[in-house]
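> Dropping the sequence and predicted coords here.
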Amino acid sequence: MTAEASPLPVSARRSRRRELLDLLASMRFAIALLTVICIASAIGTVVKQGEPMVNYVDQFGPFWAEVFGAIGLYRIYSSAWFLVILAFLVVSTSLCIARNTPKIVADWRAHKEGIRERALQAFHHKAMGQLTEPVSTVEGQVLQTLQAQGWSIKTQRREASPQGEAGVMIAARLGKANKVGYIAAHAAIVLVCLGGLFDGDLVVKAQAWAQDLQPFKGGTEPANSRLSERNPAYRAQLFVSEGQRTNASVIQMDQGMLVQPLPFDIELKKFVVEYYETGMPKRFASDIVIHDPRVAAPKAYTVEVNHPVVYDGVTIFQSSFEDGGSLVKLRPLHLDRAGPRSGPEVVDAMVGGGAPGALPADWLGQGSGPLQLEVTGLRVINVENLADAQSANPAGASTDVRGVNLTELSKHLGSGAKPAGKKQLVNIGPSVTYKLRDAAGQAREYQNFMVPVELDGYRMFLLGVRDTPAEGFRYLRVPADEAMSLQGWLRLRQALNNKAMRDEAARRFGAAAGPGDRPEVREQLTVSAQRSLDLFAGAVALEMPAGQAAASVPSGGLMGLSRFIEQVVPPEQREQTSGTLIRILNGALFELYNLSRTQAGLAAVSLDEPAVQAFMGRAVLSLSDAMLYPVPVVFMLDSFEQRQASVFQVTRTPGRNVVYLGCVLLIIGVFAMLYIRDRRLWVWLQQDPQGGTRVQMALSSTRQTLDTDREFDRLRQTVLGEAPASAAGPTTKEI
């Protein structure tokens with residue numbers, strides 16, 4: 001025998017539906033949903049939305065970045081759970097309104113003139129009195145007084161009955177607009193949420209699901225990735241280069257992009273940037289022309305930041321600007337050695353593209369595979385706070401390429417508090433950014449400035465490099481020569497890599513530094529200078545420090561000298577030996593510098609000149625840091641033809657009018673509930689045996705305040721003719 005579950009009776013099913021409806025319509029449920037939405041919005045404000053995943057990995061770490069991404073914290077306002085909570089809030093608030101509005105409307109109309117006279121004694125504000133005038137006269141006076149003060153009045157005449165004595169009950173009401181506040185505030189929540197749902201990604205996601213659209217992440221656009229031109233609501237990005245026109249905007253989705261075509265084309269005539277005297281930009285504007293196939297003549301507009309253009313229901317904002325494919329000429333500078341090279345002297349490239357083919361093999365040194373040049377950016381103006389740069393690196397300090405990070409100088413945004421110290425905002429000129437990508441697809445990024453920058457009173461070229469986009473650029477600082485060029489330092493670097501020139505410079509140093517009558521001393525100085533130059537150039541193989549990879553330790557430079565001293569000199573003699581070796585190295589490098597100038601057809605210089613001393617001091621540090629530069633070729637910006645591009649945000653947001661209406665209702669509702677007091681007044685008039693009138697009155701209010709006390713005192717004085725009670729005195733008095 002088997003037992004079958006009997007279905008629930010109809011009354012039980014109705015009871016459960018009733019409980020569910022009560023839950024959805026309860027104020028506690030709506031407040032709980034609103035609290036969750038507020039917390040989610042706070043998270044969306046703190047965590048930057050729509051950033052590349054690598055930025056979140058760098059900020060939170062690989063594990064938490066994946067966890068936060070899985071729950072949609074990087075796109076909170078378009079995540080499914082946020083939209084579901086928003087929809088439930090709309091339903092809950094709508095049910096609250098539907099359930100309570102009939103009660104509020106009924107209470108709005110009611111004056112409650114049927115209240116019993118004995119019930120007036122239960123109110124906090126109450127008074128009784130005796131007047132000599134008859135009831136009809138007192139009634140007229142009370143009605144006239146209350147009408148003059150704006151009270152809504154209803155009168156009920158009562159005959160003697162077992163329920164009470166005969167008399168006149170005057171019921172008055174003032175401030176019933178307070179009840180509007182509840183409906184207006186709750187309706188505002190519904191309207192704002194509906195407007196947000198309609199203008200968010202919900203419409204786009206619904207279309208993508210219904211039409212089975214496939215988002216793409218780049219490359220060729222799939223055939224089924226386009227939304228309709230008649231899409232009622234969207235928020236997209238449009239990229240237009242100068243002289244080009246397009247109508248294909250893109251909407252960023254979780255899985256990629258969808259194309260949102262506009263019903264018209266936007267042509268960018270010119271992108272305009274105006275600057276302050278410090279070089280900081282003060283105005284971004286785009287001169288555009290809208291080509292509408294439904295209109296015969298195109299129309300010209302100017303789009304600025306905070307000054308959008310609205311056309312055919314589409315709002316066009318100036319979002320940002322990018323390079324639109326500028327043409328650049330890059331001059332390769334070879335760090336390893338001089339002499340003729342294969343390949344062009346100037347490389348022509350376009351920003352966003354690269355040079356045709358791989359770089360010549362003799363540009364990259366032994367053991368390097370083929371590299372592809374990709375030019376990624378051109379910045380004509382770079383404004384930096386050089387005061388911080390100079391204070392962070394005092395004169396004479398080492399400019400290690402691993403530690404110098406000029407990107408820290410550009411953090412001008414942040415707290416509104418005035419930072420400590422004095423700012424020195426300087427335009428340091430154009431810069432070019434490029435990548436060198438190997439056959440495996442791995443790439444390093446480089447940023448080089450076209451002109452030297454004045455740091456600590458000296459002109460320095462900045463050559464930046466970083467391994468990943470999540471890192472900041474690390475800058476090699478190269479001193480400029482007397483012609484404000486890199487050639488002086490470059491000739492010295494190339495001569496340092498030449499064995500014959502090192503030997504000749506060591507011989508000249510020994511001959512100049514040693515006494516003329518002691519050839520053995522000159523020979524010893526020559527050998528020491530030759531050894532120091534070889535160590536500094538990295539031409540001597542040294543043992544690697546324990547626990548360190550060869551790639552992480554430079555083979556030459558000042559660190560090479562330090563490793564040599566640690567390996568061959570006893571600890572008690574290292575300080576004296578290092579000082580002697582550095583003096584020999586500086587002298588030999590100066591001879592090497594003059595030798596490189598002589599070979600270039602330039603006159604030799606004297607170390608007594610302050611400018612030469614400053615150049616050599618910084619050149620030694622720069623040559624040491626250059627041992628860490630990953631490639632033997634530097635591409636310097638020779639000339640450029642700038643082409644700008646504007647990034648517009650194009651939106652169709654019909655729901656914003658609903659949101660505006662909701663904001664107006666919210667303001668009305670809050671003010672109505674906070675600043676309008678709903679008051680009810682009852683005045684009971686009853687004839688006494690002497691022909692006078694016995695008066696009893698009471699006042700109720702939604703909030704008990706001092707204003708309510710003063711108002712009741714005035715009413716009591718007007719109706720009963722009593723002197724007003726003190727603010728601290730009782731509000732109840734019997735006569």
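Sure, I can see it.
> I figured residue 34 was touching residue 90, is that so?
No. Using Cβ atoms under 8 Å as the test, residue 34 is too far from residue 90 to be in contact (11.3 Å). (Each C-beta comes from the backbone N, C-alpha and C, glycine too.)
> out of those two, which sits in the busier spot?
Taking neighbours as other Cβ atoms under 10 Å, residue 34 and residue 90 compare with residue 90 leading, 20 against 16.
> mind checking which helix or strand that one is in?
Using DSSP states H and E, residue 90 sits within helix 80-109.
> following that helix, which helix or strand comes up?
Taking DSSP H and E, what comes next after helix 80-109 is strand 125-131.
> just checking, what packs against that following strand?
Helices and strands touching strand 125-131, as assessed by 3 or more Cβ pairs under 8 Å, 6 or more residues apart in numbering; DSSP states H and E, comprise strand 693-701, helix 706-720, strand 732-733.
> Mean pLDDT added to those, as a markdown table?
As requested, those are exported to a markdown table (pLDDT from 0 to 100):
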| stretch | mean pLDDT |
| --- | --- |
| strand 693-701 | 92 |
| helix 706-720 | 88 |
| strand 732-733 | 39 |
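> among the ones you listed, which is the most enclosed?
strand 693-701 (a mean of 22; mean count of other Cβ atoms under 10 Å).
> orientation of it relative to helix 706-720 in degrees?
Angle of strand 693-701 versus helix 706-720, following axes from the mean of the first three to the mean of the last three Cα atoms, to 10 degrees, is 170 degrees.
> Given strand 693-701, what are its sheet partners and their directions?
Paired strands of strand 693-701, with direction, are strand 125-131 (antiparallel), strand 679-687 (antiparallel) (DSSP bridges).
> mind checking which of those strands is nearest residue 376?
Closest approach to residue 376 among those (Cβ to Cβ): strand 679-687, 70.5 Å.
> Only alpha carbons, please: show the closest one as CSV.
What follows is strand 679-687 as a C-alpha-only set of coordinates in CSV (Å, rounded to 0.1, in the frame of the first residue of the first chain):
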residue,chain,number,x,y,z
ARG,A,679,-2.9,68.9,12.7
ARG,A,680,-6.5,68.1,13.6
LEU,A,681,-8.6,70.3,15.9
TRP,A,682,-11.9,69.5,17.5
VAL,A,683,-14.1,72.1,19.2
TRP,A,684,-17.2,70.9,21.1
LEU,A,685,-19.9,73.5,21.8
GLN,A,686,-22.7,72.7,24.2
GLN,A,687,-25.3,75.1,25.7
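> residues in contact with that strand?
111-113, 115, 117, 120, 134-135, 138-139, 142, 146, 151, 165-175, 693-702, 708, 711, 715, 719 (Cβ atoms under 8 Å, 6 or more residues apart in numbering).
> Swap in 6 Å and give it another go.
117, 120, 135, 138-139, 142, 167-175, 693-694, 696-701 (Cβ atoms under 6 Å, 6 or more residues apart in numbering).
> And stretch 431-451, by the same measure?
369-372, 374-379, 382, 429-430, 462-467, 473, 636-637.
> now do stretch 272-291
264-271, 298-305, 311, 318, 381, 383, 425, 427, 646.
> How about residue 254: what's its closest non-neighbour residue?
Residue nearest to residue 254 in three dimensions, not counting chain neighbours: residue 75, with 6.2 Å by Cβ to Cβ, 6 or more residues apart in numbering.
> mind checking how far the biggest strand by length in the chain is from the chain centre?
As assigned by DSSP state E, the longest strand anywhere in the chain is strand 257-275. Mean-position distance between strand 257-275 and its chain equals 22 Å (Cα atoms, centre = their mean, to the nearest Å).
> Okay, buried residues for it please.
257-262, 264-268, 271 (16 or more other Cβ atoms under 10 Å).
> Need the worst-confidence member of those residues.
Ranked by pLDDT, the buried residues of strand 257-275 bottom out at residue 257, which has 87.
> so that residue bridges to which residues?
Applying DSSP bridges, one finds that residue 257 bridges with residue 216, residue 252.
> any idea how far residue 310 is from it?
Look at residue 257 and residue 310: by Cβ to Cβ, to the nearest Å, they are 25 Å apart.
> re the thing from before, buried residues in the helix or strand following the longest strand of the chain?
Scanning forward in sequence from strand 257-275 by DSSP H and E, the next helix or strand is strand 281-291. Neighbour counts over strand 281-291 (16+ other Cβ under 10 Å) mark 284-288, 290 as buried.
> what angle do strand 281-291 and strand 257-275 make?
130 degrees.
> roughly how far is strand 281-291 from the heart of the chain?
22 Å.
> So which residues of the stretch 101-250 of the chain form helices?
Applying DSSP state H, counting those that start in this stretch to the stretch 101-250 of the chain gives helices spanning 135-148, 178-199, 202-211.
> An error on my part: the question was meant for the stretch 401-550 of the chain.
Using DSSP H, counting those that start in this stretch, the helices of the stretch 401-550 of the chain run over residues 487-496, 499-513, 519-537.
> Mind listing what's buried along the last one?
Read it as helix 519-537. Quick answer for helix 519-537 (16+ other Cβ under 10 Å): 522, 525-526, 528-537.
> low-scoring stretches of the stretch 201-350 of the chain, by residue?
The model of the stretch 201-350 of the chain has pLDDT under 70 over residues 219, 277-280, 339-340.
> Ends of stretch 482-500, what's the gap?
One end of stretch 482-500 sits 26 Å from the other (Cα to Cα, to the nearest Å).
> What residues of it count as buried?
486, 488-498.
> Let me see the residues that make contact with that stretch.
Residues beyond stretch 482-500 that count as contacts (Cβ under 6 Å, 6+ apart) turn out to be 333, 335-338, 452, 461, 478-479, 481, 501, 537, 592-593, 596, 600, 619.
> Measure how far it is from the centre of its chain, please.
Worked out by Cα atoms, centre = their mean, stretch 482-500 lies 44 Å from the chain centre.
> cool, and stretch 463-479?
That offset, for stretch 463-479, works out to 24 Å (Cα atoms, centre = their mean).
> Could you give the average pLDDT over that stretch?
For stretch 463-479, the per-residue pLDDT averages 89.
> And for stretch 138-147?
91.
> Please apply the same query to stretch 588-602.
92.
> got the buried residues for that stretch?
588-597, 602.
> Of these, which belong to helices?
Among those, DSSP state H puts 588-597 in helices.
> mind checking which helix or strand the nearest residue to residue 191 once chain neighbours are set aside is in?
Leaving aside its sequence neighbours, residue 191 sits nearest to residue 662 (Cβ to Cβ, 6+ apart; 3.2 Å). Taking DSSP H and E as the definition, residue 662 sits inside helix 655-675.
> Pull the distance from that helix to the chain's centre.
That offset, for helix 655-675, works out to 29 Å (Cα atoms, centre = their mean).
> list the helices and strands that helix packs on?
If you count contacts as 3 or more Cβ pairs under 6 Å, 6 or more residues apart in numbering; DSSP states H and E, helix 655-675 packs onto helix 178-199.
> angle of the helix it packs on against strand 693-701?
Using the same axes, to 10 degrees: helix 178-199 against strand 693-701 is 20 degrees.
> tell me the mean pLDDT for helix 178-199?
87.
> Give me the contact list for that helix.
Against helix 178-199 from outside (Cβ under 6 Å, 6+ apart): 86, 89-90, 93-94, 96-97, 104, 108, 233, 653, 655, 658-659, 661-662, 665-666, 668-669, 672-673, 676, 678.
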